[in-house]
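Visitor: Structure, please.
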Amino acid sequence: MTQGWILDAHPDYERDSIVLWLWTPSGVHRIEDRGFRPSFFVKVPLAELPDLQRRLEILDQIAATRVAMRRTSLAAESPEPLLEVVPRHYRDLRDAAQIVASAGRYYEYELFDVDLRFSQRYFLQHNIFPMGLVAYDGSWKPLEEHFALEYEVPPLRREVLDVDIDAPAGIPRMEDRLLAASLDGDVVDGDEEDVLRGINALVEDHDPDILFTDGGDAFLMPYLVKKAESHGVDLRLGRDPGFHGTRSAKSYFTYGKIVYKPSQYLLKGRLHLDRGHFAVRESGFAGLVELSRLSALPPQEQARLTPGTAFTSMQTNLAHQDGVVVLWKKNMPEAFKTAEDLVLGDRGGFIFEPEVGLHEGIVEIDYASLYPRIMVKYNISQETLGCPCCLLSGQRVPGLKYHLCTQRLGLIPRVLKPLVERKRYYKRMKKERTPLQEVYEGRDTILKWLLVTSFGYQGYRNARY
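Guide: Numbering: from 1, shown residues only. The predicted structure is shown next:
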């Protein structure tokens, strides 16, 4: 039986398998599981289910269909029959979902669990999580609790990859000449082909578990890939050749500004982390490990995502344990609110204009995790707001016509309560002089950002439920 920590996981679309990398003191083991078959669910009128099942089974993209019982919402008391669709190949899942959606004219059928990451599905199915200690002997066995406060992080070898570029314009460009490269202080130079082959040799010789870069996704990796292609060099930075999870660059609008998100270059068998990534920059590797363990998203992916995405992933994980599936595309508009409702409901956003002048005796009050604590204390969640079981006995929302359930605990308080308790623990521990003080600092910092985004990601646009 092999014991170690799950370093990374990713799908192999060519072999229709999930590949996991297990770090052990004796080395990193590559484990491939070809038995994992992802699927999605379709909700149709019960009378139409047999006909849809017959039509789907003849399609090339679909390997099998079966009726499964699942809850389709947090408020649902009991599961209902859904059609589970298993694609023939990993790459067919999204195409098969589009076919089913078009068969229902894009509004008659509801589809669930379409856009869950394959690695996240696998972790949920086997009750394991990234950077967690496990045992493997053909099947997986977790050796520590998912939400343990104290846990060991393996001593991963961390090294920085940097390059020297001849940039006459001052800003490096793709066409500029590659002069040299360094890995953990060891330098290779010469012509471009020699430098590229030298990089391969350094990575193989040093065999780092984490490859840190500065601007890796935005420039360094695409630059090296382009240079390697032009010189016919097989660039090998991972323990398996090539990259996984590559996505196209995109721009999006957030908080009043347009943000550019470059393509991502994820290595196979070792972690590629940009020191400018939010979690790494704000909380170091200790914070990234904390976030990855909580969200069940591999560290490479989590580093390129926001704490808000980690929070929604935690919701998905807990809902999955409850047998609730995740709606693919919300086709129900947000409930109508009058202008009076909006004014009354948004009083917390009002800021009083201060009087101009010099003031004394000013008092500052800082509420620790104010909004998350309110959500936990008053059981605020999507399925507890305006619940039908507590019309008369529910907790009334002051000044509004809403009430909150008092009969059952909602999903959001269940997710938030352990986070609030963790932050309180790490905040206390980082004040004590221990060898782990820096680790506690990183974990406490990333939890701060996780709790900050927790209430913002409950709005109609971002909420998964």
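Visitor: how far does the helix or strand of the chain with the lowest mean pLDDT sit from the chain's center?
Guide: Taking mean pLDDT, DSSP states H and E as the measure, strand 250-254 is the helix or strand of the chain with the lowest mean score, a mean of 77. Distance of strand 250-254 from its chain centroid, counting by Cα atoms, centre = their mean, to the nearest Å, is 18 Å.
Visitor: ok, and what's touching the helix or strand just after it?
Guide: Note on strand 250-254: by DSSP states H and E, the next helix or strand toward the C-terminus is strand 257-261. By Cβ atoms under 8 Å, 6 or more residues apart in numbering, the surrounding residues in contact with strand 257-261 are A249, K250, S251, Y252, F253. Heads up, the C-betas are built off the backbone N, CA and C, glycines and all.
Visitor: Number of residues surrounding the closest residue to the third one other than its chain neighbours?
Guide: I take that to be S251. Nearest-residue entry for S251: Y260, 5.0 Å, with adjacent residues in sequence omitted and distances by Cβ to Cβ, 6 or more residues apart in numbering. When neighbours are defined as other Cβ atoms under 10 Å, Y260 has 9 of them.
Visitor: Report pLDDT for Y260.
Guide: What the model reports as pLDDT for Y260 is 78.
Visitor: For it, give its distance to D214.
Guide: Distance check for Y260 against D214: by Cβ to Cβ, to the nearest Å, it reads 17 Å.
Visitor: can you pull out the strands in the stretch 251-400 of the chain?
Guide: 257-261, 266-268, 271-274, 395-396 (DSSP state E, counting those that start in this stretch).
Visitor: Turn the ones you listed into JSON lines, columns for distance to R236.
Guide: What follows is these, written out as JSON lines (distance: least, Cβ to Cβ, whole Å):
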{"stretch": "strand 257-261", "distance to R236": "26"}
{"stretch": "strand 266-268", "distance to R236": "10"}
{"stretch": "strand 271-274", "distance to R236": "13"}
{"stretch": "strand 395-396", "distance to R236": "59"}
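Visitor: So for F41, which of these sits nearest?
Guide: Evaluated over the strands of the stretch 251-400 of the chain, closeness to F41 peaks at strand 266-268, with 28.0 Å, by Cβ to Cβ.
Visitor: any idea which strand is longest in this protein?
Guide: strand 2-12 (DSSP state E).
Visitor: between the helix or strand just after it and strand 2-12, how many degrees?
Guide: Where DSSP H and E defines the elements, the next helix or strand beyond strand 2-12 is strand 17-24. For strand 17-24 against strand 2-12, the angle by axes from the mean of the first three to the mean of the last three Cα atoms, to 10 degrees is 150 degrees.
Visitor: count of residues packed around D322?
Guide: With other Cβ under 10 Å as criterion, D322 counts 11.
Visitor: picking up where we left off before, please name the strands paired to the longest strand of the chain in the sheet, noting orientation.
Guide: strand 17-24 (antiparallel), strand 133-136 (antiparallel) (DSSP bridges).
Visitor: Could you single out the most deeply buried of those?
Guide: Highest mean neighbour count of the strands paired with strand 2-12: strand 17-24, a mean of 20 (counted as mean count of other Cβ atoms under 10 Å).
Visitor: so the next helix-or-strand element following that strand versus strand 17-24, what angle?
Guide: Once strand 17-24 ends, the next helix or strand along the chain (criterion: DSSP H and E) is strand 27-33. Counting by the same axes, to 10 degrees, strand 27-33 lies at 160 degrees to strand 17-24.
Visitor: packing partners for strand 27-33?
Guide: Counting contacts by 3 or more Cβ pairs under 8 Å, 6 or more residues apart in numbering; DSSP states H and E, strand 27-33 is packed against strand 2-12, strand 17-24.
Visitor: So for V289, which of the ones you listed sits nearest?
Guide: Minimum separation from V289 across the helices and strands packed on strand 27-33 (Cβ to Cβ) falls at strand 2-12, 9.7 Å.
Visitor: could you pull out the helices for the protein?
Guide: 49-57, 92-103, 118-126, 192-206, 221-231, 278-295, 299-303, 307-321, 339-345, 370-377, 411-429, 437-456 (DSSP state H).
Visitor: out of the strands paired with strand 2-12, which comes closest to R414?
Guide: Closest approach to R414 among those (Cβ to Cβ): strand 133-136, 24.5 Å.
Visitor: Next one: I58 from A103, what distance?
Guide: Between I58 and A103 the distance is 13 Å, computed by Cβ to Cβ.
Visitor: likewise W449?
Guide: For W449, the distance to A103 - Cβ to Cβ - is 42 Å.
Visitor: who's more crowded, the two?
Guide: Neighbours per residue (other Cβ under 10 Å) separate W449 from A103, with W449 holding more: 20 against 15.
Visitor: wait, doesn't that one sit right on A310?
Guide: No. Counting by Cβ atoms under 8 Å, W449 does not reach A310; the two are 9.2 Å apart.
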